[in-house]
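Asks: Sequence first, predicted model second:
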Amino acid sequence: MSIVANFDLYAPRLVNKEEYFVHGHRACQGCAEALAIRLMCKALGKDAVIINATGCMEVVSSLYPTTAWKLPWLHVAFPNSAAAGSGVSAALKVLRRKGKISDRPVKAVSIGGDGGTFDIGLQALSGAMERGHDLLYVCFDNEAYMNTGIQRSGATPFGASTTTHPAGPASTGKSAWKKNLTEIMIAHNVPYVATACPSYPIDFIRKVEKAKKVKGPAFIHVLAVCPTGWRCASEKAISMGRLASETGVFPIYEVVDGKYSLTIKHDKLRPVADYLKLQGRFRHLSPDMVKQVQERVVQEYNKLLDKVDNLHAWSELKG
């Protein structure tokens, strides 16, 4: 059973009915990233400029002469979505000051996959966050370089089999643990940082709405299930995202001015095996390796709970 900490996910609410990421794109069947993009755009509304690093969403949504985007959209190179977003943010500020555009808030929103965010674009992202640009960066994390053939990235989980780290007699898949990019962004003292998943759509929409209102940098890390690369059934994309949360593999929380809050809580974590066994990329894992993953997940989840509980206790003490 899930307990909602900050948001009532099941209460009736108005969701923008306008579509800004429309049908006709070429995403794979069951692509959770395409759903996440659609939800993000609904939350942003019409006053946003999207800066899209090379990746799955750029390829499937903009094959000439068509486009799935109804928002101003800019395609940039793999490593520089955050850098280009910084420029767009600065340009909007100047245009408003000079009276070239109406004086209303228009949000620069940089997006990228895990390859373009965790790895090749990390330098530009760090710089944008440190400089304090009025920029929302959303990472759509499908845990590998899916667009170019399922190569491992810094976001690929421990033990996953990829085309560059295939499981076999001499390999058990990726040997390193997934990079904790969310904590790296928190270390930049960013006003708003959150994790999200389209399997919890209202939670995700509300986080984008909050991030849009931030005057300064904000970062949202979105788990985007990829049935193709994860080798799972396409109709399981939503349930796989929920399992990632329910097992503690991908905790869903937010950090507002350094204060941690779980937005999805679980009375008891489900066994990690429930999540791993549904994905072909983990089918080679031995019981000992599954146990190793379980121990690591519990350890990291408890670290997060300590940050939430300790900060709440400190706030009560100060009060």
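Replies: Here it is on my side, so go on.

Asks: ok, how many other residues are close to Cys31?
Replies: 24 (other CB atoms under 10 Å). To be clear about C-beta, it is placed using only N, CA and C from the backbone, and glycine gets the same treatment.

Asks: ok, it touching Gly229?
Replies: No - Cys31 is not in contact with Gly229 according to CB atoms under 8 Å; the separation is 10.3 Å.

Asks: What pLDDT does the model give the residue minimising distance to the centre of the chain?
Replies: Residue closest to the mean C-alpha point of the chain, counted by CA atoms, centre = their mean, is Val222 at 1.7 Å. Predicted confidence (pLDDT) at Val222: the value is 98.

Asks: is it fair to say it lies in a helix?
Replies: No - according to DSSP: H, G, I helix; E, B strand; the rest coil, Val222 belongs to no helix; its state is strand.

Asks: So it versus Cys41, what's the distance?
Replies: 13 Å (CB to CB, to the nearest Å).

Asks: still on that earlier bit, ok, the residue nearest to the centre of the chain - contacts?
Replies: 36, 40, 138-141, 195-198, 204 (CB atoms under 8 Å, 6 or more residues apart in numbering).

Asks: Give me the helices and strands touching the helix or strand in which Phe140 is found, please.
Replies: Phe140 belongs to strand 135-141 when assigned by DSSP states H and E. Helices and strands touching strand 135-141, by 3 or more CB pairs under 8 Å, 6 or more residues apart in numbering; DSSP states H and E, are helix 32-44, helix 81-97, strand 107-113, helix 114, helix 122-131, helix 201-213, strand 218-223.

Asks: How about residues contacting the helix or strand following the third one?
Replies: Going down the chain from strand 107-113, the next helix or strand is helix 114, by DSSP H and E. For helix 114, the external contacting residues (CB under 8 Å, 6+ apart) are 139-145, 153-156.

Asks: Now the buried members of those residues.
Replies: 139-145, 153-156 (16 or more other CB atoms under 10 Å).

Asks: Including pLDDT and distance to Ala176, could the residues you listed go into CSV?
Replies: Below are the buried ones among the contacts of helix 114 laid out as CSV (pLDDT from 0 to 100; distance: CB to CB, whole Å):
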residue, pLDDT, distance to Ala176
Cys139, 98, 19
Phe140, 98, 21
Asp141, 98, 16
Asn142, 98, 18
Glu143, 98, 13
Ala144, 98, 13
Tyr145, 97, 15
Ser153, 98, 11
Gly154, 98, 8
Ala155, 98, 11
Thr156, 98, 8
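
Asks: Which member of those is positioned nearest Lys179?
Replies: Set against Lys179, the nearest of the buried ones among the contacts of helix 114 by CB to CB is Gly154 (4.1 Å).

Asks: Contacts only, for that closest one.
Replies: Going by CB under 8 Å, 6+ apart, Gly154 touches 114, 118-119, 178-179, 181.

Asks: try 6 Å this time
Replies: Listed by CB atoms under 6 Å, 6 or more residues apart in numbering, the contact set of Gly154 reads 118-119, 179.

Asks: again with Ala211
Replies: 136, 192, 218, 220.

Asks: wait, the second one sits on Val214?
Replies: So that's Tyr192. Yes - using CB atoms under 6 Å, Tyr192 is in contact with Val214, at 4.8 Å.

Asks: the more surrounded of those two?
Replies: Tyr192 (21 against 18).

Asks: Would you map the helices across the chain?
Replies: Under the criterion DSSP state H, helices of the chain are mapped to 32-44, 56-61, 81-97, 114, 122-131, 181-186, 201-213, 227-230, 237-246, 273-276, 287-318.

Asks: Go through those helices and pick out the most buried.
Replies: helix 114 (a mean of 28; mean count of other CB atoms under 10 Å).

Asks: what about stretch 106-118, how long is it end to end?
Replies: Start-to-end span of stretch 106-118 (CA to CA, to the nearest Å) is 26 Å.

Asks: swap that for stretch 69-78, please
Replies: Span of stretch 69-78 from end to end, CA to CA: 19 Å.

Asks: Go through that stretch and flag the buried ones.
Replies: Those would be 69, 73-76, 78, for stretch 69-78 by 16+ other CB under 10 Å.

Asks: Mind putting these into TSV with distance to Met129?
Replies: Formatted as TSV, the buried residues of stretch 69-78 follow (distance: CB to CB, whole Å):
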residue	distance to Met129
Trp69	25
Trp73	22
Leu74	19
His75	22
Val76	17
Phe78	19
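
Asks: Cross the residues you listed against strands and list the overlap.
Replies: The strands, defined by DSSP state E, take in 73-76 from these.

Asks: Would you mind putting the buried ones among the contacts of helix 114 into JSON lines with distance to Ser102 alongside?
Replies: As requested, the buried ones among the contacts of helix 114 are exported to JSON lines (distance: CB to CB, whole Å):
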{"residue": "Cys139", "distance to Ser102": "30"}
{"residue": "Phe140", "distance to Ser102": "30"}
{"residue": "Asp141", "distance to Ser102": "35"}
{"residue": "Asn142", "distance to Ser102": "37"}
{"residue": "Glu143", "distance to Ser102": "41"}
{"residue": "Ala144", "distance to Ser102": "42"}
{"residue": "Tyr145", "distance to Ser102": "40"}
{"residue": "Ser153", "distance to Ser102": "40"}
{"residue": "Gly154", "distance to Ser102": "40"}
{"residue": "Ala155", "distance to Ser102": "39"}
{"residue": "Thr156", "distance to Ser102": "44"}
